[in-house]
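In: Generate coordinates for the sequence data below:
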Amino acid sequence: MFDPREKIALFIDGANLYATSRALGFDIDYRKLLSSFRDRGYLLRAYYYTALVEDQEYSSIRPLIDWLDYNGYKVVTKPAKEFTDAAGRRKIKGNMDIELTIDALEIVDVVDHYVIFSGDGDFRTLVEALQRKGRKVSVVSTIQSQPPMIADDLRRQADNFIDLMSLRDSVGRATSERPAKRVDPEEEPFDDL
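Out: This next block holds a predicted model:
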């Protein structure tokens, strides 16, 4: 699946990967993730995309973003949009699809193999465009959760589908290893997966 001579770029849809790993019962160890893909080829870039809630006194994702930024990841953020749904619940929406797509297309001349960590079916068109440019595309998500976290058309379009569960030993850590964090009971996770 991977050729050690390939130039690899990772594109991580942060909210989607978080939801997928939680559905499988483990957390991602981002240091191990980088190391795992460096072993598979020449890791050119690792991008991490997430939306941030701007007006929060404390954001549980901020320490992760800072760590990623200092440890080999190109972090791409934008302010999340907050709204109240019809039932009166506070919702947060943070879609990073356009940013990820543009960054992927901008480096098409230097990347041999794209690895997209997302199950979002909106990325099927991006995968198809990269393939037309002669690039190999692997998609990382899961079909082992109920419901599956990957859109069927995205899985079928990719050159390779990698179930995140198969990477558990090389990129994961048990949720019991996670430090305790403060949770705002009114805040709901991103609904745009």
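In: by contact count, what packs against the helix or strand bottoming out on mean pLDDT in the chain?
Out: Within the chain, no helix or strand scores below strand 90-93, which has a mean of 79 by mean pLDDT, DSSP states H and E. If contacts are counted by 3 or more CB pairs under 8 Å, 6 or more residues apart in numbering; DSSP states H and E, strand 90-93 sits against strand 81-84. Bear in mind the C-beta positions are built from the backbone N, C-alpha and C, glycine included.
In: any idea how far the strand it packs on is from the chain center?
Out: Offset of strand 81-84 from its chain centre (CA atoms, centre = their mean, to the nearest Å): 22 Å.
In: List the neighbouring strands of it plus their orientation.
Out: Strand pairing for strand 81-84, using DSSP bridges, gives strand 90-93 (antiparallel).
In: Report the buried residues of the strand it pairs with.
Out: 91-92 (16 or more other CB atoms under 10 Å).
In: May I have the helix or strand following the least confident helix or strand of the chain exported as CSV, CA atoms only?
Out: The C-terminal neighbour of strand 90-93 among helices and strands, as given by DSSP states H and E, is helix 97-106. The C-alpha coordinates for helix 97-106 follow below in CSV (Å, rounded to 0.1, in the frame of the first residue of the first chain):
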residue,chain,number,x,y,z
ASP,A,97,-13.6,21.1,4.1
ILE,A,98,-12.7,24.0,1.8
GLU,A,99,-9.4,24.8,3.7
LEU,A,100,-8.3,21.1,3.5
THR,A,101,-9.3,20.8,-0.1
ILE,A,102,-7.4,23.9,-1.2
ASP,A,103,-4.3,23.0,0.7
ALA,A,104,-4.3,19.5,-0.8
LEU,A,105,-4.6,20.8,-4.4
GLU,A,106,-1.9,23.4,-3.9
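In: Residues in contact with helix 97-106: which ones?
Out: 9, 11, 13, 47, 49, 76, 78, 114, 116, 118, 120, 122-123, 126, 129-130 (CB atoms under 8 Å, 6 or more residues apart in numbering).
In: any low-confidence regions in the protein?
Out: For the chain, the stretches flagged by pLDDT under 70 are 55-58, 174-193.
In: Break down it into its helices, ranges please.
Out: 14-24, 30-38, 62-70, 97-106, 124-132, 152-157, 168-171 (DSSP state H).
In: by contact count, what packs against the first one?
Out: Meaning helix 14-24. In terms of contacts (3+ CB pairs under 8 Å, 6+ apart), helix 14-24 is packed against strand 26-28, strand 42-52, strand 136-141.
In: Out of the ones you listed, which gets nearest to residue 19?
Out: In terms of CB to CB, the element of the helices and strands packed on helix 14-24 nearest to residue 19 is strand 136-141, at 9.8 Å.
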